[in-house]
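Asker: how would this look folded up:
(one chain, ligands or ions: 2)
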Amino acid sequence: MDPLILVPYLPRAERSPGPEDLGWRAMCQVLQEHQMCPRRKSLLRARVMDFITSTAILPLLLGCVGLFSLFKLLQWLRMRAYVRNAVVVITGATSGLGRECARVFHAAGARLVLCGRNAEALEELSQELAASRAPEVQTHKPCTVTFDLADPGAIAGAASEILQCFGHVDVLINNAGISYRGAIVDTSPDVDKRVMETNYFGPVALTKALLPAMIRRRQGHVVAISSIQGKISLPFRSAYAASKHATQAFFDCLRAEVEQHDIEVTVISPGYIHTNLSLNAVTADGSKYGVMDETTAQGRSPVQVAQDILAALGKKKKDVVLADPMPSLAVYLRTLAPGLFFRLMASRARKERKSKHS
Ligand SMILES: NC(=O)C1=CN([C@@H]2O[C@H](COP(=O)(O)OP(=O)(O)OC[C@H]3O[C@@H](n4cnc5c(N)ncnc54)[C@H](OP(=O)(O)O)[C@@H]3O)[C@@H](O)[C@H]2O)C=CC1
Ligand SMILES: CCCCCCCCCCCCCCCC(=O)OCC(=O)COP(=O)(O)O
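Answerer: Ligands and ions are numbered 1, 2, ... in the order given. You can find the predicted model right below:
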């Protein structure tokens, strides 16, 4: 306390102050206390530290950290328990994210049904997984089903083959997909259809074919691997972005409709992942793009994304964005300031066109 603030309250001295003067004595006392202040402060500090270290707060802090760790451990155990022995169907298991999901879910004890177009690649992966063991978890030899998602006539047969593998389906991961690069004016409608068949109509038909069995058991989890491009549209990605927007919409509707049957629906929207997606992308004339884009090469590791997907399913999340801050911010910008977002996309289109022609 600053002793000078007491001065107005001291009795006015009408003569020179003596030791018997009350005001004088009060001031001396305050000034003495003021001199003692630094010592008092350090004493007080020491006492507070003693209190923290020896009494309530430190044990309380340690308790909080302990509880948090326990909570995280329980969450992890619940997540692994969620897929242990569960029948998990993965489409597009021959490459990239699908293949890593297969490895991660197998290691967590899932009974896998691996789907794809390439029977040989599926068998190879199945053998690899069957030969691998996971600590403290019983693993299972996967089953494989070969079909083309872009062939509407193949879906019903594929669905019954899938159901025959283990008798039912707990989790369906609609992962298979194809990307596209091209200008709308140059793109043949056949290319639009091919992208939509693979990314939208195929997964929708497969989901519908497996849904009745899930509804009968009042159990099931349908997952759609969409994309950030299911929430925002980039120039020269029309068919891909359209197919992913349609995916988001369909599975959002499904979630609301099947809640009454205790069926979960999760839509995952990843940003760039380091896979063969750009290499396998289709161009305006239907040919293969065949380039590993820098954005793809610098994307997240598919193993990490597969682990995040497992965690999201264990927590029964409904809609998950797995992307870096910039794409995630772009999603908000599209909603909150659409005018600005559209200008940015137009400028992106101009730049891309310019770099193509230079
Ligand atoms: N990589 C990325 O940056 C991102 C990817 N995604 C999404 O992740 C998913 C997986 O793609 P990703 O692993 O990256 O790419 P890949 O190209 O590495 O894998 C695609 C998988 O889909 C399969 N597939 C393609 N067409 C068909 C078809 N007609 N019928 C059956 N299977 C088919 C492929 O099988 P086949 O071997 O027979 O060709 C392959 O297994 C896609 O839905 C994609 O849109 C989302 C955001 C970002
Ligand atoms: C408040 C500041 C906000 C700033 C936002 C600026 C807008 C910047 C645009 C960012 C675009 C991000 C695009 C991300 C696209 C993406 O992650 O796509 C994933 C894919 O599916 C990849 O497929 P592709 O075939 O295109 O490689």
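Asker: interface residues of the stretch 1-150 of the chain facing ligand 2?
Answerer: Proximity of the stretch 1-150 of the chain to ligand 2, by C-beta under 6 Å from any ligand atom, involves no residues. (Each C-beta comes from the backbone N, C-alpha and C, glycine too.)
Asker: and the residue positioned nearest the centre of the chain, how close does it get to Val113?
Answerer: Among the residues of the chain, the one closest to the centroid is Leu322, at 3.4 Å (C-alpha atoms, centre = their mean). Between Leu322 and Val113 the distance, using C-beta to C-beta, to the nearest Å, works out to 24 Å.
Asker: which outside residues touch stretch 122-130?
Answerer: 93-94, 99, 102-103, 106, 112, 114-116, 139, 141-146 (C-beta atoms under 8 Å, 6 or more residues apart in numbering).
Asker: buried ones among these?
Answerer: The neighbour count (16 or more other C-beta atoms under 10 Å) marks 93-94, 99, 102-103, 106, 112, 114-116, 139, 142-146 as buried among the contacts of stretch 122-130.
Asker: which secondary structure element contains the closest residue to Gln229 other than its chain neighbours?
Answerer: Distances taken as C-beta to C-beta, 6 or more residues apart in numbering place Ala241 nearest to Gln229, at 4.5 Å, with adjacent residues excluded. Secondary-structure element containing Ala241, defined by DSSP states H and E: helix 238-258.
Asker: what residues of that helix count as buried?
Answerer: 238-248, 250-251, 254-255, 258.
Asker: could you point out which element follows it?
Answerer: Helix 238-258 is succeeded, C-terminally, by strand 263-270 (DSSP H and E).
Asker: can you tell if that next one touches ligand 1?
Answerer: Yes: counting by C-beta under 6 Å from any ligand atom, ligand 1 has neighbours in strand 263-270: Pro270.
Asker: for that strand, give me every contacting residue.
Answerer: With C-beta under 8 Å, 6+ apart as the test, strand 263-270 has contacts from 97, 211, 214-215, 218-228, 230-231, 247-248, 251-252, 254-255, 258, 300, 305, 309, 312-313, 316-323.
Asker: look up the residues forming beta bridges with Ile273.
Answerer: On DSSP bridges, the residues paired with Ile273 through beta bridges are Arg300.
Asker: surely it is in contact with Thr295?
Answerer: No: here Ile273 lies out of contact with Thr295, judged by C-beta atoms under 8 Å, at a distance of 10.1 Å.
Asker: what about the two, which has more around it?
Answerer: The neighbour comparison of Ile273 against Thr295 (other C-beta atoms under 10 Å) goes to Ile273, with 21 against 12.
Asker: distance of the more buried one from ligand 2?
Answerer: Spatial separation of Ile273 from ligand 2 under the definition C-beta to the nearest ligand atom, to the nearest Å is 8 Å.
Asker: and that residue, how far is that from Ala312?
Answerer: Separation of Ile273 from Ala312 (C-beta to C-beta): 15 Å.
Asker: now swap in Ala86 and tell me
Answerer: Using C-beta to C-beta, we find Ala86 at a distance of 15 Å from Ala312.
Asker: and what of Ala121?
Answerer: Ala121 sits 26 Å away from Ala312, taking C-beta to C-beta as the criterion.
Asker: can you check Ala306 too?
Answerer: Relative to Ala312, Ala306 is positioned 11 Å away (C-beta to C-beta).
Asker: equivalent analysis for Ala337, please.
Answerer: Relative to Ala312, Ala337 is positioned 28 Å away (criterion: C-beta to C-beta).
Asker: show me which of these two is the more surrounded one.
Answerer: A direct count of neighbours by other C-beta under 10 Å for Ala337 and Ala312 places Ala312 higher, at 19 against 12.
Asker: quick one on the thing from earlier: return the member of the buried ones among the contacts of stretch 122-130 nearest to Phe166.
Answerer: Proximity to Phe166 was ranked across these by C-beta to C-beta; first place goes to Cys143, at 6.9 Å.
Asker: so that closest one bridges to which residues?
Answerer: According to DSSP bridges, the residues that bridge with Cys143 are Val113.
Asker: Val89 belongs to a strand?
Answerer: Yes: applying DSSP: H, G, I helix; E, B strand; the rest coil, one finds Val89 inside a strand.
Asker: skipping its backbone neighbours, what lies nearest it in space?
Answerer: In space, Val89 comes closest to Val113 once its chain neighbours are excluded; the distance is 4.4 Å by C-beta to C-beta, 6+ apart.
Asker: with Gly182 instead?
Answerer: Ala284 (3.2 Å).
Asker: tell me the contacts of the one you found?
Answerer: Residues touching Ala284, when contacts are defined by C-beta under 8 Å, 6+ apart, comprise 181-183, 186-188, 191.
Asker: in ChimeraX, select just the buried ones from those residues.
Answerer: To isolate the buried ones among the contacts of Ala284 in ChimeraX, judged by 16+ other C-beta under 10 Å, type:
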select :181,182,187,191
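Asker: so of the contacts of Ala284, which ones are in strands?
Answerer: Counting by DSSP state E, the contacts of Ala284 place Arg181 in strands.
Asker: from the contacts of Ala284, which ones fall inside helices?
Answerer: Taking DSSP state H as the definition of helices, the contacts of Ala284 contribute Val191.
Asker: and the two most separated of the contacts of Ala284?
Answerer: Largest separation among the contacts of Ala284 by C-beta to C-beta: Arg181 and Ser188, giving 13.8 Å.
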